[in-house]
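**Q** got a predicted structure plus its sequence, pasted below:
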Protein chains: 2
Amino acid sequence: MAISSVRGTVGQVVRRRLARHDHPSVRHHGEVSRPTPHVRIDREVLERNIDAMQQTAEAAGLALRPHAKTHKSLEVARLQLAAGAIGLTVATVSEAEVFAEVCDDLFVAYPLWVDDERAQRLRGLLGTSVVTVGVDSVESVRQLAPLAAGGLRVRIEVDSGHHRSGVPAGDAVDVATAASEAGLAVDGVFTFPGHSYSPDARASAAADEQRELGAARDALVAAGVPCPVVSGGSTPSVEYARGDVLTEVRPGVYVFGDAQQWELGATTPEQVALTVVATVVGRYPDRVVLDAGSKVLGADRSSWATGHGRLLDHPDAVITALSEHHATVTGFDAPRGTRVRVVPNHVCNTVNLADELVLGDGTWRVDARGANT
Amino acid sequence: MAISSVRGTVGQVVRRRLARHDHPSVRHHGEVSRPTPHVRIDREVLERNIDAMQQTAEAAGLALRPHAKTHKSLEVARLQLAAGAIGLTVATVSEAEVFAEVCDDLFVAYPLWVDDERAQRLRGLLGTSVVTVGVDSVESVRQLAPLAAGGLRVRIEVDSGHHRSGVPAGDAVDVATAASEAGLAVDGVFTFPGHSYSPDARASAAADEQRELGAARDALVAAGVPCPVVSGGSTPSVEYARGDVLTEVRPGVYVFGDAQQWELGATTPEQVALTVVATVVGRYPDRVVLDAGSKVLGADRSSWATGHGRLLDHPDAVITALSEHHATVTGFDAPRGTRVRVVPNHVCNTVNLADELVLGDGTWRVDARGANT
């Protein structure tokens, strides 16, 4: 997918103009009465979150390379970079193509399988940006080798306990050596401690991350492969990251927060910057029904989640069921027509369902929505 | 959201052109090597599913009003209408605005809360189409009353056991009477037997549906409110629907099938018309990792599902974990670079994540993607 096809610039502009034109003056509770459901950003909270994470990282002696998959928005990326982020993390080549507009140092934190099509797109990116990609096998190194001449950098992915992708720390040196021999610049090691997304596992996952990354780094250095970057971090674990092992962190969700982070204790309700504004459309003796379902919130639900999202202003309410356009809520009552703010369980998937993020009096595009390739 | 803003016509056309231009001749395994992940349709299977459901409905003496929320595509709607569907079901006013292009008989099967903004849009639709909306309270009747003069029809929603929206059958007459008194044309009763989405509950949910709808119809008729339409049906329950109580059915998922229907026994693997084409990007001793995650498949997972989707050609494989761009698979092994077909758990959410559906040599737009309002 080329940059322009991801952005659909003309259509998006037309859409935004039409959306504004449709609701120029209707007001409701003091704000433009945009139809529900829609995704709303509290800019003040967002900017506070961005500044706070930058300070947390700097206080620990860590560089911050936020993951842009959460917001998928050039506007938010600009704020992160202005606050001091050294570059951006992305999950796909098409996200990299979008964010190359505002950032010339991009890390694709993913074990890419680079076929001819994707190689061509990476070459395009290398013309304007420093591009680093994740790699966790000798087979993938071989696929990447033709891009060495273009300056592609690679970073070795280590499995620190999440058991998704990545090699055991002891095997990182094999991949790194193969990459060096293929002429690829190895810039270091990274991991995603995804097992930090569990109650009471935040600190232990951070400890796993540091131990395994440290071991991988030491093995690389012992084998004569320099390892300047040791990259970890996720929103639940970043508070425990230490600069004596890691050199950078890559949290994503912190910009907006979500119900998962709220329930994990990594975000307070006051730090939630994104909500889905919904209307009570049904009221029954034991429940109300909202017009926000899985097609706007996403269907994520961890085994430990209390429900399918939370109501920001009614923390005792429970979203007991979610259909595509219905959220069933208990522990809360209000007349039909009442608007409420829903905190989605997993904000990254919520943003990816939206074309735009609504602020007080404007909108930001979700520039990389659907950028999966 | 106005029709044009839902469709984003110019941008979509630009996107499709670019997508075609980017990959005009690269071939892989005999097909255009479109980058993975992407959503693919088997048109032959799709058309067979459409014809089979039409025949099932007709054999039972039922009209078919398929739910368009599943496919969100004008092309698929055209096929359904050509096969004999009497109209379409939609979930939102913005979906109705999209499908008004191909259908002049639209049922919004949702307990709409109609504020000024939505009333204006319904008036626009009433200029070209027969429009019926769901209603399940006297309060909602009051909101809808100003649209009576424009010809808006209402259908009373009955709760047949799913306990989401709808009134108990015994209360349907109160809502119907209020609607009639407000000058709204009541065309009948409907329910969504969502509790049919459970192993071994398909037949019993269908029995609940018919019993409760029959009771509601009888109460309306006894109160002097004609009830020509008795509407039910969902893909898991439709096989049990009987024409002696119901007059129409509204299944949606049957057009494509999905892993939920496969595991419920409502769809066979041979009836699966939509898959997400994914690539093996990671291979480890106990698992492989695919590049299709929740941002293309959706995160739906019922408590009874065996995993986060299925592999169509490898029925013993289990998708044990799903991240935004990773599916972790056990019980299956293949080299990196291998392409596989993933059957999503809930196809309605998968389609809503895609801009286009890929066929053998072309694409169909997901015209109503994101049409949530």
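**A** Perfect, thanks for sending it. Please read these numbers as outputs of a predicted model, since none were measured by experiment.
**Q** for chain A, give me the ranges with low pLDDT.
**A** Scanning chain A for pLDDT under 70 picks out the ranges A:1-32.
**Q** so it: which segments form each domain?
**A** Annotated domains of chain A cover A:3-43+A:260-365, A:46-255 [automatic domain parsing].
**Q** a markdown table for these, including mean neighbour count and distance to chain B?
**A** The way it works is simple: take the backbone N, C-alpha and C, and place the C-beta from them, glycine included. Formatted as a markdown table, these follow (neighbours: other C-beta atoms under 10 Å in any protein chain shown; distance: least, C-beta to the nearest C-beta, whole Å):
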| stretch | mean neighbour count | distance to chain B |
| --- | --- | --- |
| domain A:3-43+A:260-365 | 20 | 1 |
| domain A:46-255 | 21 | 5 |
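**Q** and those: which comes nearest B:Ile41?
**A** When these are compared by C-beta to C-beta, domain A:3-43+A:260-365 sits nearest B:Ile41, at 19.6 Å.
**Q** sorry, back to before: could the domains of chain A go into a markdown table alongside distance to B:Val133?
**A** Formatted as a markdown table, the domains of chain A follow (distance: least, C-beta to C-beta, whole Å):
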| stretch | distance to B:Val133 |
| --- | --- |
| domain A:3-43+A:260-365 | 12 |
| domain A:46-255 | 34 |
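**Q** surely A:Val276 is in a strand?
**A** Yes - counting by DSSP: H, G, I helix; E, B strand; the rest coil, A:Val276 is found in a strand.
**Q** now do the contacts for it.
**A** By C-beta atoms under 8 Å, 6 or more residues apart in numbering or on different chains, A:Val276 lies in contact with A:Pro37, A:His38, A:Val39, A:Arg40, A:Ala292, A:Val296, A:Leu297, A:Gly309, A:Arg341, A:Val342, A:Pro344, A:Thr350.
**Q** not counting its neighbours along the chain, what's nearest it?
**A** A:Val342 (4.5 Å; C-beta to C-beta, 6 or more residues apart in numbering or on different chains).
**Q** returning to that earlier point: and the two most separated of the contacts of A:Val276?
**A** Going by C-beta to C-beta, the pair spanning the contacts of A:Val276 furthest: A:His38 and A:Gly309, at 15.0 Å.
**Q** A:Gly298 is in contact with A:His346, isn't it?
**A** Yes - at 5.8 Å, A:Gly298 counts as touching A:His346 under the criterion of C-beta atoms under 8 Å.
**Q** identify the contacts common to the two.
**A** B:Ala299.
**Q** hang on, A:Leu122 packs against A:Ser94?
**A** No - with contacts counted by C-beta under 8 Å, A:Leu122 stays clear of A:Ser94, the gap being 11.3 Å.
**Q** pretty sure A:Gly61 is touching A:Ala241, no?
**A** No - applying C-beta under 8 Å, one finds A:Gly61 not in contact with A:Ala241, separated by 9.7 Å.
**Q** residues in contact with the helix or strand hosting A:Ile50?
**A** In this assignment (DSSP states H and E), A:Ile50 forms part of helix A:43-59. Helix A:43-59 has contacts (C-beta under 8 Å, 6+ apart) with A:63-64, A:66, A:76, A:79-80, A:83-85, A:238-239, A:249, A:251, A:254-257, A:270-274, A:359-360.
**Q** do the same with stretch A:96-106
**A** By C-beta under 8 Å, 6+ apart, stretch A:96-106 touches A:1-3, A:6-7, A:68, A:72, A:74, A:77-78, A:81, A:86-90, A:108, A:121, A:124-125, A:128-132, A:367-368, A:371.
**Q** what about 7 Å?
**A** A:3, A:6-7, A:68, A:74, A:77-78, A:81, A:86-88, A:90, A:108, A:121, A:125, A:128-131, A:367-368, A:371 (C-beta atoms under 7 Å, 6 or more residues apart in numbering or on different chains).
**Q** please name the nearest non-neighbouring residue to the most centrally placed residue in chain A.
**A** Closest residue to the average C-alpha location of chain A: A:Thr70 at 2.8 Å, with C-alpha atoms, centre = their mean. Leaving aside its sequence neighbours, A:Thr70 sits nearest to A:Gly252 (C-beta to C-beta, 6+ apart; 3.8 Å).
**Q** my read: the one you found touches A:Arg65, true?
**A** No - using C-beta atoms under 7 Å, A:Gly252 is not in contact with A:Arg65, being 10.2 Å away.
**Q** contact partners for A:Gly232?
**A** So A:Gly232 contacts A:Phe190, A:Thr191, A:Pro193, A:Glu209, A:Leu213, A:Ala241, A:Leu246, A:Val249 (C-beta under 7 Å, 6+ apart).
**Q** show me those residues that map onto strands.
**A** Within these, residues falling in strands by DSSP state E are A:Phe190, A:Val249.
**Q** ok, the residue nearest to A:Asp258 when sequence neighbours are not counted to B:Gly61 distance?
**A** Computed as C-beta to C-beta, 6+ apart, the closest residue to A:Asp258 that is not its neighbour in sequence is A:Val347, at 3.9 Å. Using C-beta to C-beta, to the nearest Å, A:Val347 is found at 48 Å from B:Gly61.
**Q** great, nothing more from me.
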